[in-house]
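Asks: A predicted structure for the sequence below; I have some questions about it.
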Amino acid sequence: MNKEEVKKRITDLSEQIRRHNYNYYILSQPAISDFEFDMMLEELIRLEKEFPEFMEPDSPSQHVGGDITRKFRQVRHKYPMLSLSNTYSEEEVRDFETKIQKLISEKIEYVCELKFDGVAIGITYKNGILAQAVTRGDGIQGDDVTTNVRTIHNIPLRLHGTGYPMEFEIRGEIILPHKSFERLNDMRLEEGEEPFANPRNAASGSLKMQDSREVAKRRLDCLLYYILGDNLPFKTHYESLAAAKSWGFNTSNYIAKCENISEIFEFINTWNSARYELPFNIDGVVIKVNSLRQQEILGYTAKSPRWAIAYKFKAEQASTKLISIDFQVGRTGAVTPVANLAPVQLAGTTVKRATLHNADVLAALDLRSGDRVLVEKGGEIIPKIIGVDLQQRIPDARPLEFIKQCPECGTPLIRNEGEAVFYCPNESGCPPQIKGKLGHFISRKAMDMDSLGYEKIELLYDKGLIKDIADLYDLTADQLLGLGKVYAATEDKKEKKISFREKTVENILKGIEKSKSIGFERVLYAIGIRYVGETVAKKLADHFSSIDKLMSANFDELKEAEEIGDKIAQSIIKFFRDQKNIEIIRRLEEKGLQFEMHEGQKNLKSEKLKGMVFVASGAFEHFSRDGIKKTIEDHGGKNASSVSSKTTYLLAGENTGPEKLKRAKSLGIPLISESDFQKLIM
Ligand code: IVH
């Protein structure tokens, strides 16, 4: 293809992909197979990579992610992001209606909608193109999460149809549907990470991730419910939603126009019971005055519009019998009490277990075996016990106390001052903790042994083939071949078989071998020092450059490293004081793992800026100031604070310092814009 043809192909592909996205996500009527779609997208991404000059700024390839946000820029909302007045009381919904009727003595029509339980977002479109997406923050200013929002498939990057205002903001809720939530939590467990408590937390955590490619993988959705702008071409809220739908936005299918309070309650009652049939969480119903003129007359209080109210559903409760309490030891050694209950129907599922969180919660409830308890299911997956019916307590029933010893290894439990959680301190000898460490070690962000997964690790541990992370490097094909296990189906999980066939074993051993070349900072993260996450591990690796230097650092020296505070420093010292850990590290060293930083291995993403010296000045659209400096270093370049003859480029953002500009001009140092800079590193 010549350049003209490439350009045309990019335009054609973008157009087709946009259309298929719309068919799939908005109309729910896919016209081609997933495979065909993926092929088109892949081709587009390949061409754009090769010919970045032809990439459209709103290319649908952005749904796949790729850009990194180091620090989320704070942005002031053009229209403050108000909330709604909330109520749990039917009486207050009636009052709302009467008050409005009093203020406006005309016929009033209402629109009832679902209240989505997610994260509020405001998305601005300019000339039909997604320009910016900002979280609520404090309502006055929020975080610019545009890059991450662009990865959400049912948010259009370019609008469909016609008639949209040149500039407007649309607000909605970013949610994680049940399916995506379960998938995400399964993956997290598999990777040795804590699962999210509920889809809302997961959605909000996802939006604040630095790597948009990771955000794309989480399969967030967005439901839009409110348009703001000057001189909008609508008379009613209902109309505005219909228009939004025609422009390619995902608006709710469950909206009703209501003429009176009984119709409003009909909507509320229907959804109060049908809510569990939805593929995502809602926590109530929103009632809005339909006419925009009437909305304007009613206006706002300081916090919320007078033309709308949210009726929140009460968390569902059920009463059942407490049978016993189990104590579960997590991968970090934390011990959680879990109640076994007589099965009871609650919020669309049969509940048999409920969390009791920790010793304080257990003590406060003062439970006895055989008690009748009240269980509640809020937004969380695991229900909780919120009270006991003392009337029905069997006299002399035995109090249920927190255990003193680890149920897995017998070690006496400890509790740190000021903390509610009991821990088993036997980090290197307690089975769930060892499995947790192993699971973390092999996880993607650590040693990335993707053919091994948590279940295989568990099996190898149970068979006595591995007792610590260093044992992984002694595994042989003979030991692995033919191993297997079947996990029987449970209520919420299908049957699962794991088996070590020839090809699997080959891949596992390859993965183990390959991990020997993984850089020091990831090894440091992988060995599982408490509080040393990915970022901290990088900082430590950069600062100390070898495990020996890190090991011999004292408390004060540790704290000299960037981002290392008392808690982390103490944890590092404690880790290296344990001879068992030292021994494991020595064995890993012998196996050839990387325990020091090599020059050139300093985390470089590329060497595209090698030999270049930049002076970054002013504000940037896609980077914070620190972020752009880090990016320069990540690609092998250097930063300087003032312009000199050694400067390669003055990287000029908005409001670049006039002195710098003057000096660059007099020395003949070229200026480079943010977008040209981005092209340099593409
Ligand atoms: S309308 C001026 N409609 O609930 C207020 N909000 O507790 C415009 N929410 O701030 C908001 N579903 O984040 C509206 N159908 C819906 C909603 C909804 C969920 C959220 C939104 C709002 C909060 C209020």
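Replies: Noted; the coordinates are in hand.
Asks: what are the ranges of the strands in the stretch 551-682 of the chain?
Replies: 613-617, 638-639, 649-652, 671-672 (DSSP state E, counting those that start in this stretch).
Asks: In the protein, which residue is most central in space?
Replies: Against the mean C-alpha coordinate of the chain, by CA atoms, centre = their mean, the closest residue is residue 206 at 2.1 Å.
Asks: Does that residue touch residue 222 like I think?
Replies: No. In this structure, residue 206 is not within contact of residue 222 by CB atoms under 8 Å, at 11.9 Å. All C-beta spots, glycine's among them, are computed from the backbone N, C-alpha and C.
Asks: Output the residue of the protein whose distance to the ligand is smallest.
Replies: Residue nearest to the ligand within the chain: residue 120 (3.3 Å; CB to the nearest ligand atom).
Asks: Listing partners with orientation, what would you give for the helix or strand that residue falls within?
Replies: Element membership of residue 120, judged by DSSP states H and E, is strand 119-126. Under the criterion DSSP bridges, strand 119-126 sits next to strand 129-135 (antiparallel), strand 167-175 (antiparallel) in its sheet.
Asks: residues in contact with the first one?
Replies: Strand 129-135 is touched from outside by 57-58, 75, 77, 119-125, 142-146, 148-150, 155-159, 207, with contacts defined as CB atoms under 8 Å, 6 or more residues apart in numbering.
Asks: Would you mind checking the residues you listed for buried ones?
Replies: Among those, those classed as buried by 16 or more other CB atoms under 10 Å are 58, 75, 77, 119-125, 142-146, 148-150, 155-159, 207.
Asks: Residues of the stretch 51-200 of the chain that sit close to the ligand?
Replies: Neighbours of the ligand within the stretch 51-200 of the chain, by CB under 6 Å from any ligand atom: 82-84, 86, 113, 115-116, 120, 173.
Asks: Could you tell me which of those residues belong to helices?
Replies: Cross-referencing these against helices under DSSP state H gives no overlap.
Asks: In ChimeraX, how would I select the buried members of the residues you listed?
Replies: Only the buried entries of those go into this ChimeraX selection, using 16+ other CB under 10 Å:
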select :82,84,113,115,116,120,173
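Asks: In CSV: the residues of the stretch 51-200 of the chain next to the ligand, plus pLDDT.
Replies: Below are those laid out as CSV (pLDDT from 0 to 100):
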residue, pLDDT
82, 92
83, 90
84, 94
86, 93
113, 98
115, 97
116, 97
120, 97
173, 98
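Asks: Ignoring the adjacent residues along the chain, who's closest to the residue of the chain closest to the ligand?
Replies: residue 136 (4.4 Å; CB to CB, 6 or more residues apart in numbering).
Asks: Which helix or which strand is home to residue 338?
Replies: Per DSSP H and E: strand 334-346 holds residue 338.
Asks: Return stretch 485-498 as CSV; C-alpha atoms alone will do.
Replies: Extracted C-alpha coordinates of stretch 485-498, given in CSV (Å, rounded to 0.1, in the frame of the first residue of the first chain):
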residue,chain,number,x,y,z
LYS,A,485,-7.1,-32.5,40.3
VAL,A,486,-10.8,-32.0,39.8
TYR,A,487,-12.5,-29.2,41.8
ALA,A,488,-16.1,-30.3,42.2
ALA,A,489,-18.8,-27.8,41.2
THR,A,490,-20.2,-25.6,43.9
GLU,A,491,-23.3,-23.4,43.9
ASP,A,492,-21.5,-20.5,42.3
LYS,A,493,-18.7,-22.2,40.4
LYS,A,494,-18.6,-24.8,37.7
GLU,A,495,-16.5,-27.9,38.0
LYS,A,496,-12.9,-27.2,37.2
LYS,A,497,-10.2,-29.7,36.2
ILE,A,498,-6.6,-28.9,36.4
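Asks: what does that stretch contact?
Replies: 350, 453, 455-456, 459, 484.
Asks: picking that back up, now the weakest link among the strands of the stretch 551-682 of the chain, please, by mean pLDDT.
Replies: Mean pLDDT values for these show the minimum at strand 638-639, a mean of 82.
Asks: For that one, which outside residues touch it?
Replies: So strand 638-639 is contacted by 612-616, 629, 632-633 (CB under 8 Å, 6+ apart).
Asks: Just among these, which is most surrounded?
Replies: Neighbour tally across the contacts of strand 638-639 (other CB atoms under 10 Å): the maximum, 26 neighbours, falls on residue 616.
Asks: That one and residue 627 touch, don't they?
Replies: No. Using CB under 8 Å, residue 616 is not in contact with residue 627; the gap is 9.8 Å.
Asks: residues contacting residue 460?
Replies: Residue 460 makes contact with 466, 475, 480, 483, according to CB under 8 Å, 6+ apart.
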